[in-house]
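Visitor: I would like the atomic coordinates for the input below:
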Amino acid sequence: MSTTAEITRPGQASRGANDEARDVYVTLVVGGQLCGIPVLAVRDILGPQAITRIPLAPPEVAGSLNLRGRIVTAIDLRRRLGVGAASSASMSVVVEHQGELYSLLVDSVGEVMRLEAQERERNPPTLAPEWRGFSAGIFRLSGELLVVLDVAAVLDL
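Guide: A predicted model of the protein is given here:
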């Protein structure tokens, strides 16, 4: 089975708002694993930020950061997914969930990819148990496996 991946570039014609929402992902890497987040969930992408630790917060809450005057909770996605702690050079993918902004600390951010919705598969039985609850399925790309992250599940602390 071959998956067709199309990279969306600024100014490129799109198929329509509803099609875009379903199968367009911002790709990112967490602990060496390629992941995708629906593009409509992403509000901003930031380089390394100054993060203020929050006392008594759960370990996956790295702290908070200031995004243009708004306090944003930073979630260490590596720790949340059980692959260690984020480095100080982590990038931030800002997402909105239930009216609040959260920063997901990731190793790196890749491209925006349009993937055929019918090519998405269920989680394979070999997917690590700590990832199963956060994955909304997978795409098999040439030589790589892209895990689609369920943002709501990741932020359900």
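Visitor: please make it C-alpha for all contacts and neighbour counts, starting now.
Guide: OK.
Visitor: low-scoring stretches of the protein, by residue?
Guide: Where the chain drops to pLDDT under 70, the residues are 1-22.
Visitor: go again using 90 as the cut-off
Guide: Across the chain, the ranges flagged by pLDDT under 90 are 1-23, 31, 48-49, 82-90, 97-99, 117-118, 124, 126-132, 142-143, 156-157.
Visitor: what packs against whichever strand or helix holds G137?
Guide: Assigned by DSSP states H and E, G137 falls within strand 135-141. For strand 135-141, the packing partners by 3 or more CA pairs under 8 Å, 6 or more residues apart in numbering; DSSP states H and E come out as strand 144-149.
Visitor: buried stuff in the strand it packs on?
Guide: Buried residues in strand 144-149, counted by 16 or more other CA atoms under 10 Å: L146, V147, V148, L149.
Visitor: TSV for those residues, including distance to R140?
Guide: Listed next are the buried residues of strand 144-149 as TSV, based on distance: CA to CA, whole Å:
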residue	distance to R140
L146	6
V147	9
V148	11
L149	15
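Visitor: what's the closest of those residues to P48?
Guide: Distance to P48 across the buried residues of strand 144-149 (CA to CA) is lowest for L149, with 21.5 Å.
Visitor: with adjacent residues omitted, what lies nearest to the closest one?
Guide: S135 (4.7 Å; CA to CA, 6 or more residues apart in numbering).
Visitor: same question, A50
Guide: L65 is the one closest to A50 (CA to CA, 6+ apart), at 6.4 Å.
Visitor: that neighbour reaches T73, doesn't it?
Guide: Yes - if you go by CA atoms under 8 Å, L65 and T73 touch, sitting 6.6 Å apart.
Visitor: which one of the two has more residues nearby?
Guide: T73 (22 against 19; other CA atoms under 10 Å).
Visitor: how about the more buried one, secondary structure?
Guide: Under DSSP: H, G, I helix; E, B strand; the rest coil, T73 falls in the strand class.
Visitor: what residues are up against it?
Guide: V61, A62, G63, S64, L65, L101, Y102, S103 (CA atoms under 8 Å, 6 or more residues apart in numbering).
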